[in-house]
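Enquirer: Let me see the structure of the following:
(one chain, ligands or ions: 1)
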Amino acid sequence: MSEYDPVDPPVALTVAGSDSGGGAGVQADLTAMRAHGVFGASVVTATTAQNTRGVEDVNPLPADHVASQYAAVADDFDVAAVKTGMLATAEVVETVTELVADFNAPLVVDPVMVAATGDRLLSPAAEDAYEDLVAAATLVTPNVDEAAVLTGNPVETPADAEAAGRELVALGADAALVKGGHLSEGAVGEDVVVDTLVRAEGDSESGGPTVDRFETPRIDTDATHGSGCALSSAIAARLARGESVRGAVDVAVEEMTEAVRRGYDVGEGPGAVNPTVLGEE
Ligand SMILES: Cc1ncc(COP(=O)(O)O)c(N)n1
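Expert: Reported below is the predicted structural model:
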């Protein structure tokens, strides 16, 4: 872990929705950030009435209130990294894109569209609005379904995931991590999760983007609620601490296996990951 003053740690900001059930969204993000010794600030984009069984109600907050929360944080703190999660509406996606345009530190964009329970968290009209935010990202972290929506192509195999990552980088993102948790077992084998990182940073031999594949064991559980939120927040926390994108992704992906293995069996539905175990390395 990099050295810093525990009383004056790096500050990371999550711009995301509230999950009343506590397993995902802002609640998971702040837990993951604090687990890394990073101070977490939050801009809430929407409140959700949600539990482990599903999302009952979504209340997007007005875009100008999202902007005033952001201004309150940016005016006071030296924000070292921003992570975005559920943005709910096209207006909020556009507002956040404008707000981060002048931000000079790393930006991790987790393009949250649909909850693990299948409920929509982003209005369909907002999908197109994501293009400019992706272009501004240091790292965009779609799962395969989100990568398919963002690129307009199906993502079913690791080769598709790499192609989608290359396309997101071509759109302007510095890097894309296409999370393979939902890739079909037939495409990757049943015991493994393959995540693909594409970085614009040139490969000296090919001159093209650099591609890394991370393979981790697949844990036999449905308690993965909050995994995308925790992973993108862990990466943002590590970037706030000054780690490289490659290094932050490598360790965060590895540590997520443990966060899933030690997940919470709370509620009647599928449980949630445990972000408190992150940040140990
Ligand atoms: C407020 C909020 N943000 C993000 C997610 C996605 O998490 P998951 O895909 O694990 O349901 C969620 N369910 N709720």
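Enquirer: Now stretch 266-277: buried residues?
Expert: 267, 269-275, 277 (16 or more other Cβ atoms under 10 Å). Just so you know, the C-beta spots here come from the backbone N, C-alpha and C atoms, and that holds for glycine as well.
Enquirer: ok now that stretch, how far from the chain's centre?
Expert: Relative to its chain's centre, stretch 266-277 lies at 17 Å (Cα atoms, centre = their mean, to the nearest Å).
Enquirer: Could I get the CA-only coordinates of that stretch as CSV?
Expert: Extracted C-alpha coordinates of stretch 266-277, given in CSV (Å, rounded to 0.1, in the frame of the first residue of the first chain):
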residue,chain,number,x,y,z
VAL,A,266,-28.4,-11.2,4.3
GLY,A,267,-32.0,-10.8,3.2
GLU,A,268,-34.3,-13.3,1.4
GLY,A,269,-32.8,-12.8,-2.0
PRO,A,270,-29.2,-13.3,-3.3
GLY,A,271,-26.8,-11.7,-0.8
ALA,A,272,-24.1,-9.1,-1.3
VAL,A,273,-20.4,-9.0,-1.7
ASN,A,274,-18.2,-7.9,1.3
PRO,A,275,-16.3,-4.7,0.4
THR,A,276,-14.7,-4.5,3.8
VAL,A,277,-12.2,-7.2,2.8
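Enquirer: State the mean pLDDT of it.
Expert: Averaging pLDDT along stretch 266-277 gives 96.
Enquirer: residues in contact with it?
Expert: 21-24, 28, 31-32, 35, 51-54, 116-117, 221-227, 230, 233-234, 255-256, 258-260, 262-265 (Cβ atoms under 8 Å, 6 or more residues apart in numbering).
Enquirer: hmm, 7 Å instead?
Expert: With Cβ atoms under 7 Å, 6 or more residues apart in numbering as the test, stretch 266-277 has contacts from 21, 23, 28, 31-32, 35, 51-53, 116, 222-227, 230, 258-260, 262-265.
Enquirer: mind listing what the residue of the stretch 151-281 of the chain found nearest the ligand touches?
Expert: Here the residue of the stretch 151-281 of the chain nearest the ligand is His225; by Cβ to the nearest ligand atom that distance is 4.2 Å. Residues counted as contacts of His225 (Cβ under 7 Å, 6+ apart) are 23-24, 52, 116, 270-273.
Enquirer: filter those by proximity to the ligand?
Expert: The overlap between the contacts of His225 and the neighbours of the ligand (Cβ under 6 Å from any ligand atom) comes to 24, 116.
Enquirer: Just send the buried residues of stretch 266-277 back as CSV, with distance to Leu13 and secondary structure too.
Expert: CSV is the format used below for the buried residues of stretch 266-277 (distance: Cβ to Cβ, whole Å; DSSP: H, G, I helix; E, B strand; the rest coil):
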residue, distance to Leu13, secondary structure
Gly267, 28, coil
Gly269, 29, coil
Pro270, 28, coil
Gly271, 27, coil
Ala272, 22, strand
Val273, 21, coil
Asn274, 23, coil
Pro275, 17, helix
Val277, 23, helix
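Enquirer: Can you pull out the low-pLDDT segments for the protein?
Expert: Where the chain drops to pLDDT under 70, the residues are 1-3, 203-204.
Enquirer: For it, what lies in contact range of the ligand?
Expert: Neighbours of the ligand within the chain, by Cβ under 6 Å from any ligand atom: 16-19, 24-25, 48, 50, 85-86, 112, 115-116, 121, 225-229.
Enquirer: Out of the residues you listed, list just those in strands.
Expert: Among the residues of the chain next to the ligand, the ones falling in strands (DSSP state E) are 16-19, 48, 50.
Enquirer: Which member of those residues is positioned nearest Asp212?
Expert: Ala16 (26.3 Å; Cβ to Cβ).
Enquirer: Report how many residues lie close to that closest one.
Expert: 30 (other Cβ atoms under 10 Å).
Enquirer: ok, and the closest non-adjacent residue to it?
Expert: Spatial nearest neighbour of Ala16, chain neighbours left out: Gly85 (3.1 Å); criterion: Cβ to Cβ, 6 or more residues apart in numbering.
Enquirer: Touching, the one you found and Thr14? I think so.
Expert: Yes - under the criterion of Cβ atoms under 7 Å, Gly85 makes contact with Thr14 at 6.5 Å.
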